[in-house]
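> Predicted model and sequence follow; I will ask about them next.
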Amino acid sequence: MSQLRIQHLLWRTGFGPATADWSQWANLSEKACWQKIKSDASAAPEYFDVADNAIKGLLMGAGQAGQMQRESLDNEEKKRVRKQSRDDLQTLNLRWLDAMTHSKAQLREKMALFWHGHFASRNINILYQQQLLDITRQQALGNFGELLRAVSKSAAMLAFLNNQQNKKEHPNENFAREVMELFTLGRGNYSEQDVKEAARAFTGWSFRLNGEFFFRRREHDYGSKTILGKTGNFEGEDVLDLLLAQPQTARFITRKLYKFLVNEEKIPEARITELANGFFKSGYDITQLLDAIVGSSWFHDAENTGAKIKSPIELWVGMRRAMPFEMENPENQVLLQKALGQVLLFPPNVAGWPGGKTWIDSSSLMLRLRLPQMIAFQGDLDLHTKTDDDQQMGEMEGMRNRQKRFAAKTDWQPVLKRFKGIPDKELIPQIARALWQTPVATPPLAVLERHTDQSSREKQIETAFVQLMATPEYQLC
């Protein structure tokens, strides 16, 4: 299996090859690589419990005592609780970012990122957010129907889509609409009447303060409903079953996953139909769909290789894996996410991040190109962030609109070891082959050599590595 094909597989099913682990992959067959990727992701992920004990006590307090404690908080105490929750969200963000970087379960974390954008939710309640993140990470490779049901009953999603306000006297259509439009069928594949009727079926779906799902029977509409051509006394679970019974749901998910894993612009309809039919017949087995994509004859085609713009998270995590470093102030990574346009746990809206070419504009491209040098040579980052408190994730006022020092400790040993023994004239082309996913990697040798430190072999490798990362080609995978 060629180096480019191995790297393509590792980028699309993870966050790119870790330089320190390259020797584990270099001599494997294509089939063995894919089996290893799946095997590495087979263990259940760790639950990220970062919520402050005081918040847990308030939200999970038992019975009347807990209720009285919550009601006794004055405005200043409530403000402190909200700030603590936002601080904990930052911790959760960084905890997941570290897992993406260091976990061998690359496929699970990459698919969790996909579902995180698909089931997008913004909520400053840390308890609810870490519960939803756990659902997507636990079930990222399992069954889509089970994942849909779990997400639909999560406090984070029910709160974000206002379903606690959905009562039989005054149905709220927000949750029902988004379940159809964004989570299953896609726009144009249901009627407004379907939304109205489905909203009636979801009346009473709510949650307790501790995040547990709670069905408020007195608020539920038990009358007959007609949804997608079927009539009955449907409840919320029945609606989800009706949506999963539609082949269009399989097609909608397949198309979206194809764009995420294969190609965002060239999407052959016959290919989507074949994949979607298999996904539907499997009962929505996510891993089986991944098998069909990765094992296809077209997955490694030239038009699909190096054709995707890396999302900010893919770019940053991929850099951390290729050029191992640890931040002196890890919280700066949250500000960087905001500057690049993708903050984990804070999607822009319920539709998630649009992706593709929207990741790149004049300012974000310049920042992307500067990042490798900022990390390697302790550069400064000017961040002029908006004052949206949710998006700021609770950062202090004094942290806004200030220059940030991106101090990091880089471990160059894995990089030096990988390129040890390569002749000088082959060094830059070999590093380019490792970092660039373009089918033909032809770096401008004369330009790069002028900007490479020739004082020692080590400096030559390090500076060439940084220079090749700071290119438009590195933005693609």
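Happy to help now that I have it. Numbers count the residues shown, from 1 in each chain.

> now the longest helix along the chain: mean pLDDT?
Longest helix of the chain, by residue count under DSSP state H: helix 75-102. Taken as a whole, helix 75-102 has an average pLDDT of 91.

> going forward, begin numbering at 40 instead of 1
In the new count, where the first residue is 40, that last one comes out as helix 114-141.

> where along this structure do the strands fall?
Taking DSSP state E, the strands of the chain run over residues 244-246, 252-254, 264-266, 269-271, 364-366, 419-421, 442-444, 447-449.

> Quick check: which of the ones you listed is buried the most?
Ranked by mean neighbour count, the strands of the chain are led by strand 244-246 with a mean of 21 (mean count of other Cβ atoms under 10 Å). The C-beta positions use only the backbone N, C-alpha and C, and glycine is treated the same way.

> What is it packed up against?
Using 3 or more Cβ pairs under 8 Å, 6 or more residues apart in numbering; DSSP states H and E, the elements in contact with strand 244-246 are helix 194-199, strand 252-254.

> Count the residues that sit near Thr312.
When neighbours are counted by other Cβ atoms under 10 Å, Thr312 registers 14.

> ok, now Asp88?
By other Cβ under 10 Å, neighbour count at Asp88 equals 14.

> Which residue, other than its chain neighbours, is closest to it?
The spatially closest residue to Asp88, leaving aside those adjacent along the chain, is Gln169, at 6.6 Å (Cβ to Cβ, 6 or more residues apart in numbering).

> Equivalent analysis for Asp330, please.
Distance criterion Cβ to Cβ, 6+ apart; nearest residue to Asp330, sequence neighbours excluded, is Trp73 at 8.0 Å.

> List the contacts of the one you found.
Neighbour list for Trp73: 48, 52, 330, 333-334 [criterion: Cβ atoms under 8 Å, 6 or more residues apart in numbering].

> re the thing from before, can I get the strands of the chain in a markdown table including mean pLDDT?
Shown next, in a markdown table, are the strands of the chain (pLDDT from 0 to 100):
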| stretch | mean pLDDT |
| --- | --- |
| strand 244-246 | 97 |
| strand 252-254 | 97 |
| strand 264-266 | 98 |
| strand 269-271 | 98 |
| strand 364-366 | 94 |
| strand 419-421 | 68 |
| strand 442-444 | 71 |
| strand 447-449 | 92 |
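
> looking at these, which is closest to Thr312?
Closest to Thr312 of the strands of the chain is strand 269-271 (Cβ to Cβ; 24.4 Å).

> buried subset of the contacts of Trp73?
Buried by 16 or more other Cβ atoms under 10 Å: 48, 52, 333, out of the contacts of Trp73.

> my guess is the second one meets Val301, correct?
No. Assessed by Cβ atoms under 8 Å, Thr52 is found out of contact with Val301, at 11.1 Å.

> Need the pLDDT of Ala446.
Ala446 is given a pLDDT of 85.

> Please tell me the pLDDT value assigned to the residue lying closest to it once chain neighbours are set aside.
The spatial neighbour of Ala446 that comes closest, neighbours along the chain excluded (Cβ to Cβ, 6+ apart), is Glu367 at 3.8 Å. We have a pLDDT of 92 for Glu367.

> Around Glu367, how many other residues sit close by?
Neighbours of Glu367 using other Cβ under 10 Å come to 12.

> show me what contacts it?
So Glu367 contacts 444, 446-448 (Cβ under 8 Å, 6+ apart).

> got a markdown table for those, with distance to Ser160 too?
Putting the contacts of Glu367 into a markdown table (distance: Cβ to Cβ, whole Å) gives the following:
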| residue | distance to Ser160 |
| --- | --- |
| Arg444 | 33 |
| Ala446 | 33 |
| Ala447 | 31 |
| Lys448 | 35 |
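
> now for these, which pair is the farthest apart?
Within the contacts of Glu367 (distances taken as Cβ to Cβ), the two that end up farthest apart are Arg444 and Lys448, at 13.3 Å.

> just to revisit the earlier point, looks like the residue nearest to Asp88 contacts Val89 (just checking).
Yes. Between Gln169 and Val89 there is a contact at 6.5 Å, judged by Cβ under 8 Å.

> which residues are common contacts for the two?
Common contact partners of Gln169 and Val89 (Cβ under 8 Å, 6+ apart): Leu131.

> higher neighbour count, the two?
The residue with more neighbours, out of Gln169 and Val89, is Gln169; 24 against 18, by other Cβ under 10 Å.

> Now do the contacts for that one.
If a contact means Cβ under 8 Å, 6+ apart, then Gln169 has 86-90, 131 as its contacts.

> and what of Asn205?
Asn205 neighbours (Cβ under 8 Å, 6+ apart): 211, 213-214, 238, 241-244, 258.

> Same list (these) but as TSV, adding distance to Thr397.
Shown next, in TSV, are these (distance: Cβ to Cβ, whole Å):
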residue	distance to Thr397
Asn211	30
Asn213	25
Phe214	26
Ala238	31
Phe241	31
Thr242	36
Gly243	38
Trp244	33
Glu258	39
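
> Check the gap between the nearest residue to Leu484 once chain neighbours are set aside and Thr510 for me.
Nearest non-adjacent residue to Leu484, counting by Cβ to Cβ, 6+ apart: Ile467, 5.8 Å away. Using Cβ to Cβ, to the nearest Å, Ile467 is found at 12 Å from Thr510.

> Looking at these two, which one has more neighbours?
Using other Cβ under 10 Å as the criterion, Ile467 and Thr510 rank with Ile467 on top: 22 against 18.

> Tell me how far the more buried one lies from Leu474.
11 Å.

> now do Glu115
On the measure of Cβ to Cβ, Glu115 and Leu474 end up 51 Å apart.

> Comparing these two, which residue is more hemmed in?
Leu474 (26 against 8).

> was I right about the more buried one contacting Met508?
Yes. Using Cβ under 8 Å, Leu474 is in contact with Met508, at 6.0 Å.

> residues shared between the contacts of the two?
Common neighbours of Leu474 and Met508, using Cβ under 8 Å, 6+ apart, are Ala361.

> Could you pull up the mean pLDDT of stretch 390-397?
The average pLDDT within stretch 390-397 is 96.

> which parts of it are buried?
Buried residues in stretch 390-397, counted by 16+ other Cβ under 10 Å: 391-392.

> Can you get me the start-to-end distance on that stretch?
End-to-end distance of stretch 390-397: 14 Å, with Cα to Cα, to the nearest Å as the criterion.

> Thanks again, I'm all set now.
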